[in-house]
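Engineer: Predicted structure and sequence below. I'll ask about it afterward.
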Amino acid sequence: MNAPLDHAAFGTLEKLRETAREQLHLCAFHCSLAVDHGEVRADAGMTYNTRRAVAHMRFAIDALKMMAEHQDRSTVDRSRGDAS
């Protein structure tokens, strides 16, 4: 996993991007574990890691939606500034 960005302030586009990337990395990690558990027929581990992967994916999707909203607000704010 990549090192966290220390300079990313909460609520900024960079922090949201960092959060989405981290959650996607965790999703991939849990997917890999689920496949490994499936190969050794450990159904409980496969189920657990699949659920964790889904949770991380949902979190990443929420962060991506917040990024889109942040960009939309920035666009509106810039257009209001240009119109004045």
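Structural biologist: Structure received.

Engineer: contacts, neighbours, all on C-alpha from now
Structural biologist: Fine.

Engineer: So which residues of the protein form helices?
Structural biologist: Applying DSSP state H to the chain gives helices spanning 13-39, 43-83.

Engineer: Pick out the shakiest of the ones you listed, pLDDT-wise.
Structural biologist: Taking each of those in turn, the lowest mean pLDDT turns up on helix 43-83, with a mean of 91.

Engineer: which parts of stretch 26-45 are buried?
Structural biologist: 26-27, 30-35, 37, 45 (16 or more other C-alpha atoms under 10 Å).

Engineer: Could I have the CA atoms of it written out in CSV?
Structural biologist: Output of stretch 26-45 as CSV, limited to C-alpha atoms (Å, rounded to 0.1, in the frame of the first residue of the first chain):
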residue,chain,number,x,y,z
LEU,A,26,-7.7,-2.8,0.7
CYS,A,27,-10.5,-4.2,-1.6
ALA,A,28,-7.9,-5.8,-3.8
PHE,A,29,-6.1,-7.3,-0.8
HIS,A,30,-9.2,-8.9,0.6
CYS,A,31,-10.2,-10.2,-2.9
SER,A,32,-6.8,-11.9,-3.1
LEU,A,33,-7.3,-13.4,0.3
ALA,A,34,-10.7,-14.6,-0.6
VAL,A,35,-9.3,-16.4,-3.7
ASP,A,36,-6.6,-18.0,-1.6
HIS,A,37,-9.1,-19.2,0.9
GLY,A,38,-11.2,-20.6,-1.9
GLU,A,39,-8.3,-22.6,-3.2
VAL,A,40,-7.7,-24.3,0.1
ARG,A,41,-11.5,-24.8,0.6
ALA,A,42,-11.7,-22.5,3.6
ASP,A,43,-15.2,-21.3,3.0
ALA,A,44,-15.5,-19.2,6.2
GLY,A,45,-12.3,-17.2,5.2
